[in-house]
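Trainee: Turn this into a model:
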Amino acid sequence: MMIKTFASAVHGIDATTITIETDVSQGIKFSLVGLPDNAVKESQQRIEAALRLNNYKWPRQKIIINMAPADLRKEGSSYDLPLAIAVLAASEQIKNEKLERFLMMGELSLDGNLQPIKGALPIAIKAREEGFEGFILPTQNAREAAVVDQLKIYGVDNLMQVVDFFNDDVELEQTIVDTREEFYKMLNHTDLDFSDVKGQENVKRALEIAAAGGHNLIMIGPPGAGKTMLAKRIPTILPPFTLHEALETTKIHSVVGRIDKDTSLMTERPFRSPHHTISDVALVGGGTYPQPGEISLAHNGVLFLDELPEFKRTVLEVMRQPLEDRKITISRAKFSVEYPASLMLVASMNPCPCGYYNHPTKECVCAPGMVPKYLNKISGPLLDRIDIHLEVVPVPFKKLSELNETEGSAAIRERVIKARQIQSDRYQGMDGIFCNAQMSSRQIRDYVQLDSTSNTLLKNAMERLGLSARAYDRILRVARTIADLETSAGVESHHISEAIQYRSLDRESWGT
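Mentor: Okay, the predicted model is just below:
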């Protein structure tokens with residue numbers, strides 16, 4: 001008897017429906033075809049043990065299973081459940097009338113219990129698109145999949161619940177999540193706040209500008225100046241997720257299995273901080289079976305690279321194209337996958353190997369020439385993609401001991417949201433442009449008109465401070481954001497003046 005059950009394969013961050021065709025006939029051979037990997041091939045042993053321990057039989061007949069489309073590689077152990085149900089139905093041990101209406105995924109333990117899967121959200125989205133009535137999956141993933149409306153989500157704990165459901169012996173409990181209520185309830189929840197930061201008012205101002213314009217930023221300062229503490233609080237001043245952004249970000253984290261059982265939808269912007277020993281593949285994604293890397297996990301959020309010069313140069317260089325295109329394409333001989341990578345890059349570094357170059361009280365002990373050599377670990381093309389260079393100095397004791405309340409994240413975020421709204425209106429209808437950091441040279445000419453005073457100021461700064469040519473566009477982008485924070489229609493001389501301050505590393509005298 002030939003039976004069809006339905007599962008799904010995740011390719012990139014999207015899913016493809018897999019039809020499992022199972023035929024049980026006379027004979028003794030077992031064949032599993034359709035490009036299964038080793039984890040899928042090993043399913044026979046797991047399924048056979050699970051059936052036996054739940055008083056069902058593995059048929060002693062010829063079994064042929066085809067996973068279509070047969071030219072798409074099937075990976076992982078999540079096909080155990082649909083394969084087990086297909087074998088039971090094809091050997092007429094359970095009813096098959098409802099099989100074509102449901103998509104199933106789940107890894108079986110030897111006792112028949114179900115283990116969680118990866119990619120539940122993109123699979124659920126595909127199931128709805130394909131017109132399935134429901135999606136049966138492990139309970140741990142049910143809330144994640146239930147974000148998708150117009151699809152019945154059934155979370156189950158073991159194989160027997162699924163068998164009883166298809167035999168009409170029990171009704172499974174549907175998992176229902178009010179997506180919008182869940183989304184807005186946790187939208188402004190955060191454990192960190194800028195009110196925790198004492199002093200550093202100039203740094204807070206720069207971070208506000210970076211958040212308002214989506215600008216990449218690098219902080220240079222001695223150990224203990226507060227660079228990491230400040231970076232961790234940047235997501236608290238970024239605009240809240242839109243529902244579309246939340247779904248897109250949750251899909252990426254779902255593919256790598258980073259959504260816990262109590263979470264249905266991500267509501268906080270991601271903050272990823274990989275260690276400097278990370279490989280280039282782990283950062284941008286890839287592997288034998290491609291998976292999203294750190295830059296994709298930071299999509300719609302912040303990627304923080306602490307101690308930037310300590311990262312391998314090859315690792316940093318592979319970031320150039322994703323930072324520019326805001327996506328990463330991973331190509332293999334037979335296929336390619338594309339992951340989104342629209343993120344805000346925040347980096348920090350010491351000014352020299354000892355950490356105390358330009359320190360107000362401690363003396364740098366590095367040998368002559370060590371400071372420029374240390375800075376040269378970061379290539380010019382990478383620095384070219386960072387709009388704001390910021391010097392961070394230690395906070396004096398007087399500031400640390402003050403009891404006065406400092407401005408919190410909520411107040412800063414309000415100003416950032418207003419500035420982002422101005423930019424959203426300005427770039428409406430322009431594909432791929434959402435904030436000032438994404439402006440091209442032509443758009444800079446259109447939206448940043450300088451008067452003679454501003455033009456002279458910028459010319460003098462370029463000449464006197466030894467600013468490089470690549471700093472020109474960056475200064476204009478940052479100045480446009482400063483003007484937006486003030487709701488100013490034009491870019492004025494004081495906006496240019498402040499933007500010039502944020503190009504420390506472009507000064508020819510820096511580090512010499």
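
Trainee: and the strand or helix carrying residue 161, what does it pack onto?
Mentor: Using DSSP states H and E, residue 161 sits in helix 159-166. Here helix 159-166 touches helix 80-90, strand 152-156, going by 3 or more Cβ pairs under 8 Å, 6 or more residues apart in numbering; DSSP states H and E. Yep, even glycine has a C-beta here, placed from its N, CA and C like the rest.

Trainee: Can you get me the start-to-end distance on stretch 158-171?
Mentor: Separation of the first and last residues of stretch 158-171 by Cα to Cα, to the nearest Å is 14 Å.

Trainee: and it, which residues are buried?
Mentor: 158-163, 165-166 (16 or more other Cβ atoms under 10 Å).

Trainee: Equivalent analysis for stretch 435-444, please.
Mentor: Across stretch 435-444, burial judged by 16+ other Cβ under 10 Å covers 435-439, 443-444.

Trainee: which of the helices and strands packed on helix 159-166 sits most buried?
Mentor: Among these, the stretch with the highest mean neighbour count (mean count of other Cβ atoms under 10 Å) is helix 80-90, at a mean of 27.

Trainee: relative orientation of it and helix 159-166 in degrees?
Mentor: Inter-element angle recorded for helix 80-90 and helix 159-166: 50 degrees (by axes from the mean of the first three to the mean of the last three Cα atoms, to 10 degrees).

Trainee: Can you show me the CA trace of helix 80-90 as CSV?
Mentor: The C-alpha trace of helix 80-90 is given here as CSV (Å, rounded to 0.1, in the frame of the first residue of the first chain):
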residue,chain,number,x,y,z
ASP,A,80,11.4,10.7,12.2
LEU,A,81,7.8,11.5,13.0
PRO,A,82,6.5,11.8,9.4
LEU,A,83,8.5,8.7,8.4
ALA,A,84,7.1,6.7,11.4
ILE,A,85,3.5,7.7,10.7
ALA,A,86,4.0,6.9,7.0
VAL,A,87,5.3,3.3,7.8
LEU,A,88,2.3,2.7,10.2
ALA,A,89,-0.2,4.0,7.6
ALA,A,90,1.3,2.1,4.7
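
Trainee: So what's the gap between the next helix-or-strand element following that helix and the chain middle?
Mentor: For helix 80-90, the following helix or strand on the C-terminal side (DSSP H and E) is strand 102-104. With Cα atoms, centre = their mean, to the nearest Å as the basis, strand 102-104 stands 28 Å off its chain's centre.

Trainee: which strands and helices sit next to strand 102-104?
Mentor: Using 3+ Cβ pairs under 8 Å, 6+ apart, strand 102-104 is in contact with strand 2-11, helix 80-90, strand 134-138.

Trainee: The ones you listed: which one's closest to residue 41?
Mentor: The minimum distance between residue 41 and the helices and strands packed on strand 102-104 falls on helix 80-90, with 10.8 Å, by Cβ to Cβ.

Trainee: quick revisit: pick the one among the buried residues of stretch 158-171 closest to residue 37.
Mentor: Of all the buried residues of stretch 158-171, residue 159 has the smallest distance to residue 37: 22.1 Å, by Cβ to Cβ.

Trainee: where does residue 20 fall, phi/psi-wise?
Mentor: Backbone torsions for residue 20, taken as degrees, to the nearest 10, come to phi -100, psi 110.

Trainee: Let me know the helix or strand that the residue nearest to residue 306 when sequence neighbours are not counted is in.
Mentor: Leaving aside its chain neighbours, residue 306 sits nearest to residue 348 (5.4 Å; criterion: Cβ to Cβ, 6 or more residues apart in numbering). Here residue 348, judged by DSSP H and E, is contained in strand 344-349.

Trainee: what are the pairing partners of that strand, and which direction each?
Mentor: Here strand 344-349 is paired, per DSSP bridges, with strand 217-220 (parallel), strand 302-305 (parallel).

Trainee: Can you say which of those is nearest to residue 473?
Mentor: With Cβ to Cβ as the criterion, residue 473 lies closest to strand 217-220 of the strands paired with strand 344-349, at 16.0 Å.

Trainee: contacts for the closest one?
Mentor: 203, 206-207, 210, 227, 230-231, 308, 344-351, 383, 386-392, 504-505 (Cβ atoms under 8 Å, 6 or more residues apart in numbering).

Trainee: now with 7 Å?
Mentor: Residues outside strand 217-220 that contact it (Cβ atoms under 7 Å, 6 or more residues apart in numbering): 210, 227, 308, 346-349, 351, 386, 388-392, 504.

Trainee: Which of the residues you listed fall in helices?
Mentor: 210, 227 (DSSP state H).

Trainee: Dihedrals phi and psi, residue 177?
Mentor: Dihedral angles (degrees, to the nearest 10) for residue 177: phi -130, psi 130.

Trainee: try residue 236
Mentor: Here is the backbone geometry of residue 236 (degrees, to the nearest 10): phi -70, psi -10.

Trainee: and it, how many neighbours?
Mentor: Applying other Cβ atoms under 10 Å, we find 21 residues neighbouring residue 236.

Trainee: ok, now which ones touch it?
Mentor: For residue 236, the contacting residues are 190, 192-194, 409, 413, by Cβ under 7 Å, 6+ apart.

Trainee: re earlier: dump the helices and strands packed on helix 159-166 to TSV, plus distance to residue 289.
Mentor: Formatted as TSV, the helices and strands packed on helix 159-166 follow (distance: least, Cβ to Cβ, whole Å):
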stretch	distance to residue 289
helix 80-90	18
strand 152-156	27
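
Trainee: Residue 17 is nearest to which of these?
Mentor: The nearest among the helices and strands packed on helix 159-166, by Cβ to Cβ, is helix 80-90 at 11.2 Å.

Trainee: so what does that closest one touch, helix or strand wise?
Mentor: With contacts defined as 3 or more Cβ pairs under 7 Å, 6 or more residues apart in numbering; DSSP states H and E, helix 80-90 has these neighbours: strand 2-11, strand 14-25, helix 43-53, strand 62-68, strand 102-104, strand 107-108, helix 159-166.

Trainee: In JSON lines, list those along with mean pLDDT.
Mentor: JSON lines is the format used below for these (pLDDT from 0 to 100):
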{"stretch": "strand 2-11", "mean pLDDT": "94"}
{"stretch": "strand 14-25", "mean pLDDT": "94"}
{"stretch": "helix 43-53", "mean pLDDT": "94"}
{"stretch": "strand 62-68", "mean pLDDT": "95"}
{"stretch": "strand 102-104", "mean pLDDT": "97"}
{"stretch": "strand 107-108", "mean pLDDT": "96"}
{"stretch": "helix 159-166", "mean pLDDT": "96"}
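
Trainee: Let me know which of those is tucked in deepest.
Mentor: Of the helices and strands packed on helix 80-90, strand 102-104 is the most buried (mean count of other Cβ under 10 Å), at a mean of 25.

Trainee: neighbours around residue 221, how many?
Mentor: Using other Cβ under 10 Å, residue 221 has 23 other residues around it.

Trainee: list the contacts for the closest residue to it other than its chain neighbours?
Mentor: Counting by Cβ to Cβ, 6+ apart, residue 221 lies nearest to residue 392, which is 3.2 Å off, once chain neighbours are set aside. For residue 392, the contact set (Cβ under 7 Å, 6+ apart) comprises 203, 219-221, 225-227.

Trainee: Return a selection command, for use in PyMOL, containing the buried ones of the residues you listed.
Mentor: The buried residues among those can be selected in PyMOL (16+ other Cβ under 10 Å) with this line:
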select buried, resi 203+219+220+221+225+226+227
